[in-house]
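Participant: structure, please.
(one chain, ligands or ions: 1)
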Amino acid sequence: MERATCIEMIYPELEDKLVVTIMGACAQELYNLGHRENFFYLQHAMGLASSIGLGLARHLPDERVIVLDGDGSVLMNLGTFTTLARYRPTNMIHVIFDNGSLLSTGGFDSQTTSGITDLAAIARGAGIEHVASADNELQFGEAVLEALELDDLSVIVAKVKAVGPDHYGMDLELPENAFRFRRYIREKKQATDQ
Ligand SMILES: Cc1ncc(C[n+]2csc(CCOP(=O)(O)OP(=O)(O)O)c2C)c(N)n1
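Facilitator: Numbers count the residues shown, from 1 in each chain. Predicted structure coming up:
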């Protein structure tokens, strides 16, 4: 299974959600499908996409937040599972694309390579109740549909191949993305508050 296919599968569902991605390949693959103002690509701050997602989810309970993460990034911030379990944002889905690799910086093996470290087991052990693993597109689609139907925090660990986009480059710098993302949230909130 490839991450780009998974992202393409869920792309229609992302239309009205707040989406936070990690940097690099994952961000590029979402961007390549067509940028939307509700997408925020967290460049540079490796490991913190789920922390940003948690902050958004708690601050904006009427929004649905989807975090698109990577194994290497999550391994940089394993404590995120314990914080997520403790605060249990019911409006957040944390998708981890586990390619066993730090692909965006050269493809070095991560600790999940060959199944050494099991991120789904760590998430469960941290106290997260709804944790799914997906090895193929069918399982991934089902896991996402189930998570969308739940009114609770979900973590989905999707095992994907260590392949990325054929080019990198966005016509959107981080500050511009951040300002526009914030404006999108503010304007949507103002429209629904009226
Ligand atoms: C604190 C920090 N360390 C290192 C980097 C360099 N870096 C950028 S992306 C990346 C790999 C991310 O790996 P993963 O989350 O598994 O995603 P993948 O690239 O495999 O899609 C690294 C090491 C960084 N941006 N920030």
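Participant: setting aside sequence neighbours, what's the nearest residue to the residue in the chain positioned nearest to the ligand?
Facilitator: Distances between the chain and the ligand by C-beta to the nearest ligand atom are smallest at Gly70, namely 2.4 Å. All C-beta spots, glycine's among them, are computed from the backbone N, C-alpha and C. Distance criterion C-beta to C-beta, 6 or more residues apart in numbering; nearest residue to Gly70, sequence neighbours excluded, is Ile22 at 5.0 Å.
Participant: ok, Tyr31 to Gly115 distance?
Facilitator: Distance, Tyr31 to Gly115, using C-beta to C-beta, to the nearest Å: 30 Å.
Participant: so these two - more neighbours on which side?
Facilitator: For Tyr31 against Gly115, the residue with the higher neighbour count under other C-beta atoms under 10 Å is Tyr31, and the figures read 20 against 9.
Participant: the more buried one contacts Leu172, correct?
Facilitator: Yes. The pair Tyr31 / Leu172 is scored as a contact, 7.4 Å apart, by C-beta atoms under 8 Å.
Participant: tell me, what's touching these two both at once?
Facilitator: By C-beta atoms under 8 Å, 6 or more residues apart in numbering, Tyr31 and Leu172 have these common neighbours: Tyr41.
Participant: ok, now which ones touch the residue of the chain closest to the ligand?
Facilitator: Residues in contact with Gly70, defined by C-beta under 8 Å, 6+ apart, are 22, 24, 26, 96-99, 103-104.
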